[in-house]
Structures are given as structure tokens and as C-alpha cells.
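Undergrad: Build me a model from this:
(chains A and B)
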Amino acid sequence: MNTMKTAALALALMAAGPAPAALDVFACEPEWGALAKEIAGDSAHVYVATTAEQDPHYIQARPSLISEIRNADLLACTGAELEVGWLPLLLRRGGSPDIQTGAKGQFLAAPQVRRLEIPSQVDRSQGDIHPQGNPHVHLNPHNLLRIADQLAERMSQLDPANAGLFRQRLAAFESAWRKSITEWEKAAAPLAGKVVITQHRSFSYLADWLDLIVAANIEPKPGIPPSGAHLSRLLDQFRDNPPAAILRTPYEDTRPSDWLGERLGVPVITLPYTVGGLGTSDLADVFDKTLELLLEAME
Amino acid sequence: MNKTFLLLAATWLAWPQGALADGDPLAEIAELRQALAALRDDYATRIADLEDRLAAAEARVAQAEDTAAAARRTADEVAYAPQPSVPSTPSTFNPAIGAVLIGTYADVGLGEDDFAIPGFILGGETGPGADGLSLGESEINFNANLDDKFHGNLTFALADEEGEVAVELEEAWIQTLSLPNDFQLRAGRMFSGIGYINQFHRHADDFIDRPLPYQAFLAGQYLDDGVQLRWLAPTPWFLELGGELMRGDKFPAAGAVDGAGAYSLFLKAGGDIGLSHSWKAGLSYLSADVAGRFAGEEEAEKGAKSGEVEGGPAFIGDSDLLALEFVYKWAPDGNTRVRNFKLQGEFFDREEDGLFDGLGYSGDQDGWYLQGLYQFRPGWRVGYRHDALSADNRGVAGTPLDDEGFDPERDSILLEWSNSEFSRILLQYTRDRSTPLDDDQVYLRYIMSIGAHRAHQF
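TA: Numbering: from 1, shown residues only, chains lettered A, B, ... in the order given. Model prediction:
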């Protein structure tokens, strides 16, 4: 059956003649680059603007990014103001009309899913909050299913010649992903109800998925580095009732979390956060590694 | 059922031949063949029947699986579907609005009126600033995409000038978003693209005041009314070419009469080296027809407004400015959040020919600065800057353009704390030898922004 499908596809591809120029995808974050690669395989050129070691809030509109965004047919970014400091500038300096706000070539992932932590009041005394909610949506694998579906549709619209291939690869990704979700959820059962502290609100979706309880953030407010006084307050608050672990991303300052972890006597876990973090190679690897680290430290 | 049949058939076949031998043997064989054929037919029917039932069962399982998958999908759809977006209201289309509030305490020995650099005619907004407590310019900015083809930007500054609130128009430009072949056209009042920090708002500067070459050659910042065309080259690394045609009313042209008194050309390149290093460098040229640049700020403004050449000594002639810029930034793995370093420098060379106060004058002046800033932990930065000027002017002995053999220079150190991206507090110490009167200066300044998120310009 599968061989027949492949053969039919190969035939269809041959009949279509030489493929038109491959879709150029500019992914703001590694997770969307990885998702685009799952859908397109080698039939799209994917450029990833940031790495897992870089805080996506604090990217500068570097000359190299301007020259890369020039070529993009499709922008795959988070939205919800995660890239507000740099993406609008890149778009104004180098973006073609096809990828400007609202254009078909601009795909934003966060608006495709249910967002957590939508503030009821938008005021900067709350820190650098996002009126559209927490933008770190990729750490719930269910969200990725929805986003993959929408991204594949957008890619098919922009590159109809490869639409069949995208649909087929999407189906394969979805079925493998659903199977993985079942396995992850089974493996992660012991984590439910565990209390953690996170550095920033980067793991809200992961916590929501695994029923982890985020009792506090090391940042007093989003985007505001912790002061000594704030860390002491956290220490007092949790001394008698320490959390199971402190979670942080590869790009965050290690000092405040190390300080608190040491004094509370709880493990401080750097999670991959996204593709490339701790050497992870793809999205499934990110979740495998994340669960492995969480289970190792908290079981 | 099947087993019984097999058993029956086997018994029948194994029956001794003699037991059946009471009739015609041929008839018996025929009878046996018939029985076998009947048996075969019966089997075939039953097997076919069983196969049908198996297929039906398989189909039902597949259908059930499909239904289950669809149900799971629907459940996901419902659980992870996005919230409805905020209903649109007329104010949804408001542009990004931002305001910047600045306040300073300064301990400066030099009076504002004493500030004069021998060998240079200075424009407005130069010098060490007011002593004591003062309010800086409060700046208000609006910007938004106008439609699919244009972006607009308006910035004005409110300043207190001798008890009266003065409104200064800093920027009022529109820019194209969709010209083909990576061209971009900007028109209106804008910061010129020459040099590195000229395009930045002053509140985005690392140090409290502009480096000496900016003060001497561009009156702090060259902004003018005109058009700018930029082109991004189709290279794998960043390469940009640009040119501007300006009205020429503002310093350094200061009072060109034909309404197109200055033009500029610039070339910028940049890129990354690995993950941790990035750079940008540029070469710029600004040519201005100077119809009357006065020694002294008030005269300069008056002359610029009227276009007349009256009062005080003034310069009439050609002014050519060449600028070299570079900036290098380092951040471990490109992550600027925790630690980062920036090294930045610019060199300017200006040649002027014409008349100063009726005398034949030719001037050759240059200036440069080099500064480094290091963020050692989130929110905290330290910096150092050295800036210097030198002039070699001929035919102007005894006038303000006489450099008196003096080379101005300064050294500054800076400590900065930002609580968030929206607030900065700066403490700066400067050893100022820009005038023959040495001065020690200390500044404490806050720079806070309200509203729209600032852009992370490189």
C-alpha cells in the first residue's frame, strides 16, 4: 500500500516536471523551523533566526537577519508580541510585501492555539507582559498538532506544487506525534501535582500539560531581573516547604536559580526549552529529553 | 464444525476398499469423486463466508479506530482552540505611541555660554548642558503602517527654553514598504543615514552626551528635510547603499538658499561571525552648500530661518564631511540577555573651503571617538569612551575658527542600571578637556519610556 503511494507520488512529481524554487522559510524560533522541516522535508529551505541559547525576547535586528529576511517567502514566528522588539524592524528594513503583517506569508503560531495567562489588565507595572497571553506555546505537544496543521495549510497555499507532499508528511508527523503524546503522558504521570519554581514564565504550557504546579517565578515580574531582596523573599517563602525542582531555559542567567536551589536543597534543572537546547535534534527529542530530566529529578 | 467434517472425510477415505467392493468398482470410483467434489464445494463456500466475515470485522475495527481518532482530534480542537480575538474598536487602529521622559542632575563647571571649541563653529544643542537639576527633552513618537505600501513616523520633542515650552519637530517621515528589488524610499524630516549613531534617537545613546565629533560636525545629530533612497543588495551578507538629497536648512549646511543644499551617500555592510560575534561597518559622505553658518547658536538659527547672511562672522562655502563607522558586538552564543559587550567607533574628516567673515578660509578638521560597553549581569552595564577633535584651519587667525593649537579631548566612564527595557538610570563622569578650561563633570540621568515597546536596533 505504502509503496504504491510512494510510487504514485514519484510519478506525480515526475509528471509535474522540475520543481519550482523551493519555499524559503524564515523561522523566528527553532521550534517553528523544526516544524516546517517536519512538514516540508528537503523541499523547503528553512532559515532559523535564533538558537535555543538565545532569549527570543532580546534579539537585536542584526544586519545578518535583515539580509536573511530579504529572501523569505514565509515567516514562521510565534507572535503574541514575543518578537515585538526586533521583528517589526526586520520587516520594515528587509521584508518583502508578501510577509508583512496580515499577508499570507506571515504565519504566527501563538494565535493558532489557546493561550494561557492572558492578562485581565494590561499595565507595565506587571512587567513586560503580553496582552495576547503567554507566547511560549510550543511546550504543550497538543498545541504543536494544531500549529502543524495550520502551518502545513499555509505552506501548501504558498507552494501548491508540493501540497501533496506536505499533506502526506503532515499526516505521518501527526500520527507519530499522537503516538508519542500517549507515551509521554503515560511516562509523565508521576509528575502530576509536583510543585516547581521557574525562572521566567517560559514553562507555563509544559506545566499546564503535565499538571505541574508553578508556585513562583524567580523573576519578580516578567522581564525584570531578580534583586537580592526578591531572592531572599523566595527563600523564606519556600524554606519549610521546598518545591520539587527549579526549572530554567538554556538562555537564562544561571546565578539566581543556582543560589536559590542550593539554599533550598532542591535540584535546578536546565531543560532544552526548544530544538537545539542541550543538543536536542528535533521536536520529539525536546520532549523526550524534557521528560527524562524531569522524571530523573522529581520521581 | 470444520473439525467434524475433516474427521468424516478422513474416515471415509481411509475406509478399506474391500468394504465397498460389493458393487461395480468404476461406479464406486465415480461415486467417490462426486462425494469429494461436493466436499470441496462445501469447503470453498464456507471459507469464502469466513473471509467475508473477517473482512467485515476488520472494516468495523478500522472504522472504530477512525472514529476514535476523529474524536481525539475534536477533543484537541476544542481543548487547544485559540480564544476569540479581541473585538475590533476604532482605537484598535491607533498607531504605536511612545513617550520618553528624561531628567538630569549635572555637576558641570562650565557655563553653557562659555562653551566654545577653538577651531570649530558649533551648532545648537552642543556643550555640557545645564548645571544642576534639569528636565531633558520629553519626546513623543507615533508610528504605524499607513497601508500596505507606506509606513509613517512622527516624533516631536517638548523642551523648556527659558521658561517657554518649545515644540521641536524631530522626525516626520513616510517610508515605502513594497518597492521592488529591495529599494526603500523615505521622505520628510528624518535623521540622516550617515554615520552610526546619527540614526538613533539621543535617548537611545549609551552615554549622556554625544561624542565630540558629532557635536562639532553635526550639532549633535544631522536631521533635515528631504528624501532618502536605500537599496539592500542581494548578497548573502548585509550590504546597503543609500543616498539623500536634503533641503540644507539645518546644521552643518545651515541656511542653504536653493532648497537642496546638502546631499549624502552611504555604504553599510555587516554580518555575523559564528554565533557570538556580529559587526557592522560603514562609509558615509555628506556634502553641504553652506550659505551662512554663524558663530553662535542664536545667530545660526536666525540665519537658517531667514536665509540671510547678517550679523556676526559667518561661513559661506562648501563643506565636505567623510565618516567611517564600525560597531562590533559580542554576546556568548548570541544571547545578549545575561552578558554582552559592544565596541563602537567613528572617525570624521571635514574639509571646508569658502569665506569666513569675508576672509578666504580653508579648513581641515577631524574627530573620532571609541567606546566600549560591557553588560556584566542582567540590567547592569559599565562603559568607557574617549573622544577627540583636531583642526587645521588656514586664513582665520584671531577668529573663532582659529584653533589656537589646541586639541580638544575627553574621557568618560559610565555606570548604567536598567530595571526593565523601559527604564534606564545612568551615572557618568567626564574629564572634559574640550575647551582650554579643564572641567570635571558628573551626571545622573533617568531615561524612561512609556507605551510602545522600543525597537532593538543594531
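Undergrad: where in the stretch 201-350 of chain B is pLDDT low?
TA: Judged by pLDDT under 70, the stretch 201-350 of chain B has its weakly predicted residues at B:254-257, B:294-312.
Undergrad: And for residue 50, the neighbour number?
TA: Looking at chain A here, since you left the chain open. 23 (other C-beta atoms under 10 Å in any protein chain shown). All C-beta spots, glycine's among them, are computed from the backbone N, C-alpha and C.
Undergrad: was after chain B, sorry
TA: Neighbours of residue B:50 (other C-beta under 10 Å): 11.
Undergrad: Over to residue B:341?
TA: Residue B:341: 18 neighbours (other C-beta under 10 Å).
Undergrad: so what's residue B:128 up against?
TA: Residues in contact with residue B:128 (C-beta atoms under 8 Å, 6 or more residues apart in numbering or on different chains) are B:106, B:108, B:110, B:112, B:115, B:209, B:430, B:432, B:439, B:441.
Undergrad: so what pLDDT did residue B:18 get?
TA: pLDDT recorded at residue B:18 is 49.
Undergrad: Pull the number of nearby residues for residue B:80.
TA: Around residue B:80 there are 19 residues (other C-beta under 10 Å).
Undergrad: ah, wrong one, I meant residue B:153
TA: Quick note: residue B:153 (other C-beta under 10 Å) scores 21 neighbours.
Undergrad: tell me the SS of it?
TA: Following DSSP: H, G, I helix; E, B strand; the rest coil, the label given to residue B:153 is strand.
Undergrad: Now do the closest residue to chain B within the stretch 51-200 of chain A against residue B:109, distance only.
TA: Using C-beta to the nearest C-beta, residue A:63 is the residue of the stretch 51-200 of chain A that sits closest to chain B, at 2.9 Å. For residue A:63, the distance to residue B:109 equals 41 Å [C-beta to C-beta, to the nearest Å].
Undergrad: More neighbours: these two, which one.
TA: residue A:63 (25 against 13).
Undergrad: I'd say that one and residue B:271 touch.
TA: Yes - when contacts are counted by C-beta atoms under 8 Å, residue A:63 is listed as touching residue B:271 (5.9 Å).
Undergrad: Quickly list what's touching both of the two.
TA: B:237, B:238, B:278, B:279.
Undergrad: From what I see, the second one and residue B:279 are in contact.
TA: Okay, so that is residue B:238. No - look at residue B:238 against residue B:279 with C-beta under 8 Å: they stay out of range, at 9.7 Å.
Undergrad: Would you point out which residue of chain B is nearest chain A?
TA: For chain B, C-beta to the nearest C-beta, closest residue to chain A: residue B:270, 2.9 Å.
Undergrad: List the neighbours of the top helix by length along chain A that are in contact with it.
TA: Criterion DSSP state H: the longest helix present in chain A is helix A:163-187. Outside of helix A:163-187, the residues within contact range by C-beta under 8 Å, 6+ apart are A:5, A:9, A:12-13, A:38-41, A:43, A:141-142, A:144-145, A:148-149, A:152, A:155-156, A:159, A:284, A:287-288, A:291, A:295, B:69, B:72.
Undergrad: Now the buried members of these.
TA: A:13, A:38-40, A:43, A:141-142, A:144-145, A:148-149, A:152, A:155-156, A:159, A:284, A:287-288, A:291 (16 or more other C-beta atoms under 10 Å in any protein chain shown).
Undergrad: If we check chain B, which of these are in contact?
TA: A:142, A:145 (C-beta under 8 Å from any C-beta of the partner chain).
Undergrad: Shouldn't residue B:73 be within a helix?
TA: Yes - the assignment for residue B:73 by three-state DSSP puts it in a helix.
Undergrad: Could I get the phi/psi values of residue 81?
TA: Answering for chain A, as no chain was given. phi 70, psi 10 (degrees, to the nearest 10).
Undergrad: give the contact list for the residue lying closest to it once chain neighbours are set aside.
TA: The shortest distance from residue A:81 to any non-neighbouring residue, by C-beta to C-beta, 6 or more residues apart in numbering or on different chains, is to residue A:130 (4.5 Å). When contacts are counted by C-beta under 8 Å, 6+ apart, residue A:130 touches A:80, A:81, A:82, A:119.
Undergrad: buried set for the longest helix of chain A?
TA: A:165, A:166, A:169, A:170, A:173, A:174, A:177, A:178, A:181, A:184.
Undergrad: Could you do stretch B:25-40 as well?
TA: For stretch B:25-40, by 16+ other C-beta under 10 Å, it's residue B:39.
Undergrad: again with stretch B:268-285
TA: Buried residues in stretch B:268-285 (16+ other C-beta under 10 Å): B:268, B:269, B:270, B:271, B:272, B:276, B:278, B:279, B:280, B:281, B:282, B:284.
Undergrad: Just the terminal-to-terminal distance for it.
TA: 12 Å (C-alpha to C-alpha, to the nearest Å).
Undergrad: now swap in stretch A:260-271 and tell me
TA: Across stretch A:260-271, first to last residue, C-alpha to C-alpha, it's 17 Å.
Undergrad: Please see if that stretch touches chain B.
TA: No - Stretch A:260-271 stays clear of chain B (C-beta under 8 Å from any C-beta), getting no nearer than 13.2 Å.
Undergrad: Quick one: mean pLDDT over that stretch.
TA: So the average pLDDT for stretch A:260-271 ends up being 96.
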